[in-house]
Every structure is written in structure tokens, then in C-alpha cells.
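Q: Everything below, folded, please.
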Amino acid sequence: MKPAPAPAPTSADRMMDAAALLMVLGGISLFAFARQALTGIGAGTRDMPSGISAVAVTDFHVAQSRMGLFIVAVGVLVGVAAALRHRLRK
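A: Below you'll find the predicted structure:
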């Protein structure tokens, strides 16, 4: 006897997958942008805004890179939760 086919993913499952993907990609792009800015600051090739210290600009970009890593981690957790939901539905 043939086993029953697995149920098709619902639109909620697809949205959870899409949200996880967007979070991971957005976090990676935010991290890459911040690291590029920090590299430019370290090399002395980045123009600093007038009236703002280099330390403040560097702190901003360090916080930006940490936020990018945090968004990636949350996206991975959402993806794992979505995978577990898919697995439990079968």
C-alpha cells in the first residue's frame, strides 16, 4: 500500500519561510554595509561628517554591524521554527 502524500505547505508556512529568508538577507546586507564603512574609517578613505567625531561614527557602525548579526540570528531561529512546523505537520 502506498503511503499518503504529505500535505502541501500553507500560505502561513510560506510566509514564515519568506520572513526568515528576508531577515537573514537583510541582516547580512546590514552587516556588510557596516563592515565596509568601518574598513573605510580604518583606512582613512571615508569622509567624516562635519561636527560629528570619528568615535561617534565608528560606534554607530559597530552597533549597526551587531544589529545585522542579531537580525541574522533571529532569521535563523525563525527558519528553524518554520522547519520544525513543517516537520511536525507531516
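Q: the helices in the chain, which residues?
A: Here the chain has its helices, by DSSP state H, at 11-43, 54-89.
Q: Give me the most central residue, the chain.
A: For the chain, Gly27 is the residue whose C-alpha lies nearest the centre (Cα atoms, centre = their mean; 2.5 Å).
Q: give the contact list for that residue.
A: Gly27 is in contact with 67-75, counting by Cβ atoms under 8 Å, 6 or more residues apart in numbering. For every residue, glycine as well, the C-beta is placed using N, CA and C.
Q: Now a ChimeraX select for only the buried ones of these.
A: In ChimeraX, a selection of the buried entries from these looks like this (16 or more other Cβ atoms under 10 Å):
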select :68,71,72,75
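Q: which one of the contacts of Gly27 sits closest to Ala32?
A: Within the contacts of Gly27, proximity to Ala32 (Cβ to Cβ) peaks at Gly68, which comes in at 7.7 Å.
Q: ok, that closest one to Gly26 distance?
A: Separation of Gly68 from Gly26 (Cβ to Cβ, to the nearest Å) stands at 8 Å.
Q: do the same with Val57
A: Distance from Val57 to Gly26, by Cβ to Cβ: 22 Å.
Q: Run through the residues that contact the nearest residue to Val74 once chain neighbours are set aside.
A: Nearest non-adjacent residue to Val74, counting by Cβ to Cβ, 6 or more residues apart in numbering: Met23, 5.9 Å away. By Cβ under 8 Å, 6+ apart, Met23 lies in contact with 71-72, 74-75, 78.
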